[in-house]
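Trainee: this is a predicted model, with the sequence first.
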Number of protein chains: 4
Amino acid sequence: MKAAIIGATGYGGVELVRILHQHPRVSIHSIHATSLHGELLSETYPHMQDLIKETLQPANPEELAKQVDVVFMATPSGVAMNLTSAFLDNDVKVIDLSGDFRITDPDVYKQWYGIDAADQHLLEDAVYGLTEWVNRDIAEKQLVSNPGCYPTSALLGLAPLMKENTIEEKTIIIDAKTGVSGAGKGVSQATHFAETNDNLKVYKLNQHQHTGEIEQILNRWNPEVGAVTFTTHLVPMTRGIMTTMYATVKKQTTAEQIHQLFQKHYEDHYFVRIRDLGKFPSTKEVSGSNFCDIGIAYDERTNRVTVVSVIDNLVKGASGQAVQNMNKMLGFDEKTGLDFLPHFP
Amino acid sequence: MKAAIIGATGYGGVELVRILHQHPRVSIHSIHATSLHGELLSETYPHMQDLIKETLQPANPEELAKQVDVVFMATPSGVAMNLTSAFLDNDVKVIDLSGDFRITDPDVYKQWYGIDAADQHLLEDAVYGLTEWVNRDIAEKQLVSNPGCYPTSALLGLAPLMKENTIEEKTIIIDAKTGVSGAGKGVSQATHFAETNDNLKVYKLNQHQHTGEIEQILNRWNPEVGAVTFTTHLVPMTRGIMTTMYATVKKQTTAEQIHQLFQKHYEDHYFVRIRDLGKFPSTKEVSGSNFCDIGIAYDERTNRVTVVSVIDNLVKGASGQAVQNMNKMLGFDEKTGLDFLPHFP
Amino acid sequence: MKAAIIGATGYGGVELVRILHQHPRVSIHSIHATSLHGELLSETYPHMQDLIKETLQPANPEELAKQVDVVFMATPSGVAMNLTSAFLDNDVKVIDLSGDFRITDPDVYKQWYGIDAADQHLLEDAVYGLTEWVNRDIAEKQLVSNPGCYPTSALLGLAPLMKENTIEEKTIIIDAKTGVSGAGKGVSQATHFAETNDNLKVYKLNQHQHTGEIEQILNRWNPEVGAVTFTTHLVPMTRGIMTTMYATVKKQTTAEQIHQLFQKHYEDHYFVRIRDLGKFPSTKEVSGSNFCDIGIAYDERTNRVTVVSVIDNLVKGASGQAVQNMNKMLGFDEKTGLDFLPHFP
Amino acid sequence: MKAAIIGATGYGGVELVRILHQHPRVSIHSIHATSLHGELLSETYPHMQDLIKETLQPANPEELAKQVDVVFMATPSGVAMNLTSAFLDNDVKVIDLSGDFRITDPDVYKQWYGIDAADQHLLEDAVYGLTEWVNRDIAEKQLVSNPGCYPTSALLGLAPLMKENTIEEKTIIIDAKTGVSGAGKGVSQATHFAETNDNLKVYKLNQHQHTGEIEQILNRWNPEVGAVTFTTHLVPMTRGIMTTMYATVKKQTTAEQIHQLFQKHYEDHYFVRIRDLGKFPSTKEVSGSNFCDIGIAYDERTNRVTVVSVIDNLVKGASGQAVQNMNKMLGFDEKTGLDFLPHFP
């Protein structure tokens, strides 16, 4: 099987290259970007020297559609919506890592992304690829909208509580902390080392564009949810998201019951690991891997449950989950090419 | 005026040395520790070479009480409760940076600290020194219990909302993030660089000993509060605490009204700075200084207020606030010796 | 093929587990340590949860020798020398990551390591496994002494110059900088986060135990070398070594000539990559991988060549090179199981 | 006394504001920049909120010269050379933190800075302000050229050896490591957090513009020096420079003799501290302060001396030394306003 990566020069694209380079069933056919055409990716990323021999090319969807089996869009918002149809028309599977197909309501998309939404039929065709919670047979689908990094972390942590109707819908608070690679490769004062190192910042508060995505899925699971509180912080580390979530339970319970509920829902899911009661994961414990690790606590005094989930924002939060989705679309085991240990220390 | 520092080799003690070294009205009379007697502090802390010439001494309270005007206890829990009376009996002012006099209920103290509480009369004599909110005339007091780092950050952020009866008492959630110096000078796997760097960890969840301290003060302000949810995280940075707090407001309001409420309560307090609406402080913006900077937001969709407060855990969260309290006890301007800018970048 | 890892709880052991977990030809038979027997490695390293199912066992060399094909010793100095014979007697291949078999002169070993050296016949049997420069047929050997992290970085950078007799032997200066994982898993004040973060320290100056190892090999290549100057620094990062080396050339040359010399010597070596002239590698460009990347410069004004080499101290500097050596000992391609990209960013 | 700061928005300017804010004898008259006129500095640097009330102004030298006693130029190269005369003509003392007056040979200036040098009479008037080694009576001078950060660190470390004719002139190698604030406030890929964190890079090798400055002073001390080898590295920390220097001694000596030589030369210099033999400073031990700490070693085996010097690049390497020079120009004690402890941890 052959894959093309459009938007190969961003961090999501680079991580796709790393993962697909090791994939036993799929090879990289070509890499694409809007500039640097003809250059090796190692001109920008010397860590790839001698390893990735394809040069950067412009993306011609019609041509490309005849040559590849699957295409990854690791592009800024607004790009994939225009390139996708050419691939679908040629039965090429498309996995979009941008926000273009995540929000099904065009008005909500425009509110958060500031541009017009994709065509309605594309929005309807796209499966929201939170892999562990995709009910439909993803193997039959042509277009997967890969979730955002924060939504992946938050939704995997809240899903069991939502599915079991455990928590008061109006009490959900999501306090997320991300490594700086989450802000992408583009330089800015906010990601300038001298002001970011040894410093903890608020990133966006009630204003992150992933808010709409999280709310859409939570309300799909239970329409009582409405709006949630969602805060993001910028932590002086490169990779990783930790999301600490709070909600009040509907009826008094025990930590053990909550814990069993998580274990039950994830026991068949290789990439979600539940810590023992009283233990919580750290971001480095999933670094470089496709795992989402989760710890939970329940405080009888307040009737409140606390869920802590961690992912590598560039892997399970982007490229790893994209490959996991690809594996399922192509009929492979979801672990194929992703079955490596986290990097620690 | 002469000051002694008992427990000079921990980070709180070292920061007291730094601040008092610059203080125009008080000089360091002597420094004390339980070991290393006769050694210069610069044997342990080379950054003090040639600057601090006192050697470490054992602490003999009866002797010392005749020689100094004020004593700082930067000792582990359980020490200050045994040394303090000798100083009070000799009219020496005592500022305790440990937890010994913070919890007025002996049972609650024992629950969180695991040892027996101090004598009842000492607990009654001690003023809880959250400087901006001390109503009694601190200048007349002999014993100040200096607040913990997390409580300082959380209580300064919640106080205006509590005092104005703005928030639902049962909805308070405190999500705190600290730099690693908060865990002290003692080595441990949890603070080992290779596993802490580039990593975000949960520190304690519903189990930090500052929980009792925070709840005591909140309930003093409004007994409806009861228990709160309090999470702490360990951020890969040396100094700084950011506390993100959530609560539901009692009646719908606006961000502007909340903002004005904070400005009003802190307008005469030099060391608390309120950011403009829409802006939030980062920890480095107060690093090395005694400031507590606060940003606030209100989301109409959820009726929830979010408060972000930052301090340097070793300054406003410990030694700086201790000197601020000393200044007020000795009748100086609270800024004396503390009027320096944060270190940035 | 089956491998045992003795000393599995240190960082070298953990990295062996990570690499062998992915190895297509060799599986982990058992993991051994001096304590924690019966425990899962994930009790100590939660990032391995559900992935490594072997429990820690004591190492019984006689028993183990009948069950495995190869054994890795990732133990402190002084351990491997006592366990190795039992494996060799049973035709089990041994790769020792400690210093026990690196120094062929027992007096020099004792000088740097402070304990008595291994038996003479073991020292004679051991091949020094700087893989790119092993001339003898390593596939016929039973015992490989895996080089230290600093020597790997320094020797790969100096070898072409030494082999071509390019530099004045008495002018070699090696200025090395390491990430903190190089100091191991054991906690100490020197690796305490609060004092290591945002700080650059001298580690050891003219006193690192790798000095003897570096000098032994350089003098093997050219006995005129004698002693070298070797400085190590501790950089606030987890992984990586950068070694900056200086030497005066014997006869005036050009940067291009020096560059070609490096390209020639390493053109057939997959794991050594030479940067283009004017470019220098950073440690992150090899992080998590088995590559050694090298940049070089020559200054006509001083007749001095500067070589910069980087490795991941835990991979090419320890466990990766150990697996590379195992591959060659077992007749596999040296890249087997090691052919993955560095982690970036 | 009143001071103006031109170029107040860079890190050097901001550090001048911090230091002068605390200075007991000099007050900040005005702050100047090429943009943001009318804005508070705290719009750019929120850590200054409520503390610095001057707004940014354009710099009109003729006007300003009538209002202030001293002016600091913290501007890019090429600016100070055009503004300085107006101040000197009005007997205003000028301290330039840029490279404009450091290089006395116009050709050498142009070679390293790429633009034409300042007027010859200004170059002749300027004193090179390496404070501890200024022989002329700086109090009589009007124009001080403040040394670069690397040269300060390197020259303070080499000066005793040069003055005593201890080392072979042609053997000097300077291996410097800097924190990322040394690259300034301007954003770039080289200082992007995600690629700089947990990473060690070569900054410039034989090509840093401070090479000419270092060589000029060394050759002033001893014309036999000629060219030196000078390498700079970028360390993942915010502040600090460590410079490790190597040279061969002319006649065999002992570590004790070298150590005494350093102690003798710096015994009357408050801001240079010599570590005991066998100990070496780390960058954090001078962070935020004006100290230069030095450790030395001598290896009998190689006849080579190693000197390690550390400074805070923004303080002793820029603004602190500038204020130290101001103090001497204005007849104050050199410590005035600079007598504060380093920040540790």
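Mentor: Good, I have the coordinates. Residues are numbered from 1 along each chain as shown, chains lettered A, B, ... in the order given.

Trainee: switch to C-alpha atoms for all contacts and neighbour counts from now on
Mentor: OK.

Trainee: residue A:298 belongs to a helix?
Mentor: No - with DSSP: H, G, I helix; E, B strand; the rest coil as the criterion, residue A:298 is located in strand rather than a helix.

Trainee: verify the stated contact: it with residue A:252.
Mentor: No - using CA atoms under 8 Å, residue A:298 and residue A:252 do not qualify as a contacting pair, with a distance of 9.8 Å.

Trainee: neighbour count: these two, which is higher?
Mentor: residue A:298 (28 against 14; other CA atoms under 10 Å in any protein chain shown).

Trainee: excluding its backbone neighbours, what's nearest that one?
Mentor: Using CA to CA, 6 or more residues apart in numbering or on different chains and skipping residues adjacent in sequence, the residue nearest residue A:298 is residue A:305, 4.4 Å away.

Trainee: next, count neighbours for the residue of chain A found nearest chain D.
Mentor: Across chain A, the shortest distance to chain D (CA to the nearest CA) belongs to residue A:193, at 4.4 Å. Residue A:193: 32 surrounding residues under other CA under 10 Å.

Trainee: got it, and residue A:301?
Mentor: Using other CA under 10 Å: residue A:301 sits among 11 other residues.

Trainee: quick check: closest non-adjacent residue to it.
Mentor: residue B:227 (6.3 Å).

Trainee: regarding the one you found, what is its secondary structure?
Mentor: coil.

Trainee: so it sits against residue A:303, correct?
Mentor: No - using CA under 8 Å, residue B:227 is not in contact with residue A:303; the gap is 10.0 Å.

Trainee: neighbour count: the two, which is higher?
Mentor: Neighbours per residue (other CA under 10 Å) separate residue B:227 from residue A:303, with residue B:227 holding more: 22 against 17.

Trainee: list the contacts of that one.
Mentor: Contact analysis of residue B:227 by CA atoms under 8 Å, 6 or more residues apart in numbering or on different chains lists A:301, A:302, B:170, B:215.

Trainee: show the buried residues in the residues you listed.
Mentor: Listed as buried from these are A:302, B:215; burial here means 16 or more other CA atoms under 10 Å in any protein chain shown.

Trainee: ranges for the strands of the stretch 51-200 of chain A?
Mentor: A:56-57, A:70-73, A:93-96, A:127-128, A:143-145, A:173-178 (DSSP state E, counting those that start in this stretch).

Trainee: who's in contact with the fourth one?
Mentor: Where contact means CA under 8 Å, 6+ apart, the residues beyond strand A:127-128 that reach it are A:102, A:134, A:138, A:141, A:143, A:144, A:145, A:146, A:147.

Trainee: render the CA-only coordinates of the helix or strand harbouring residue A:328 in PDB, please.
Mentor: According to DSSP states H and E, residue A:328 maps onto helix A:320-329. Extracted in PDB, the C-alpha atoms of helix A:320-329 (Å, rounded to 0.1, in the frame of the first residue of the first chain):
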ATOM      1  CA  GLY A 320      -0.300   8.000  15.600                       C
ATOM      2  CA  GLN A 321      -4.100   8.000  15.800                       C
ATOM      3  CA  ALA A 322      -4.200   8.800  12.000                       C
ATOM      4  CA  VAL A 323      -2.200   5.700  11.300                       C
ATOM      5  CA  GLN A 324      -4.300   3.700  13.800                       C
ATOM      6  CA  ASN A 325      -7.300   4.900  11.700                       C
ATOM      7  CA  MET A 326      -5.600   4.000   8.500                       C
ATOM      8  CA  ASN A 327      -4.900   0.500   9.800                       C
ATOM      9  CA  LYS A 328      -8.600   0.000  10.500                       C
ATOM     10  CA  MET A 329      -9.600   1.500   7.200                       C
END
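
Trainee: and the stretch 201-345 of chain A, which residues reach chain B?
Mentor: A:201-202, A:205-206, A:227-229, A:235-240, A:242, A:280-284, A:297, A:299, A:301-302, A:304, A:344-345 (CA under 8 Å from any CA of the partner chain).

Trainee: can we see that at 6 Å?
Mentor: The stretch 201-345 of chain A comes close to chain B at residues A:201, A:237, A:282, A:283, A:284, A:345, as judged by CA under 6 Å from any CA of the partner chain.

Trainee: buried subset of those?
Mentor: Looking at those with 16+ other CA under 10 Å, the buried ones turn out to be A:201, A:237, A:282, A:283, A:284, A:345.

Trainee: can you tell me, leaving aside adjacent residues, what's nearest to the third one?
Mentor: If I follow you right, that is residue A:282. residue B:201 (4.5 Å).

Trainee: list the contacts of whichever residue of the stretch 1-150 of chain A sits closest to chain C.
Mentor: Of all residues in the stretch 1-150 of chain A, residue A:47 sits closest to chain C, at 4.3 Å by CA to the nearest CA. When contacts are counted by CA atoms under 6 Å, 6 or more residues apart in numbering or on different chains, residue A:47 touches residue C:285.

Trainee: how about 8 Å then?
Mentor: Counting by CA under 8 Å, 6+ apart, residue A:47 has contacts C:284, C:285, C:286, C:341, C:342, C:344.

Trainee: ok, which of those also contact chain A?
Mentor: Within the contacts of residue A:47, those near chain A by CA under 8 Å from any CA are C:284, C:285, C:286, C:341, C:342, C:344.

Trainee: part of a strand, is the first one?
Mentor: Looking back up the chat, that one is residue C:284. No - the assignment for residue C:284 (three-state DSSP) gives helix, which keeps it out of a strand.

Trainee: how close does it get to residue D:277?
Mentor: Applying CA to CA, to the nearest Å, the value for residue C:284 to residue D:277 is 34 Å.

Trainee: how about the third one?
Mentor: Applying CA to CA, the value for residue C:286 to residue D:277 is 36 Å.

Trainee: more neighbours: which of the two?
Mentor: residue C:286 (28 against 15).

Trainee: so that one sits against residue C:340, correct?
Mentor: No - contact criterion CA under 8 Å: residue C:286 and residue C:340 do not qualify, at 10.5 Å.

Trainee: quick check: phi and psi on residue A:205?
Mentor: As for residue A:205, its main-chain torsions (degrees, to the nearest 10) stand at phi -130, psi 110.
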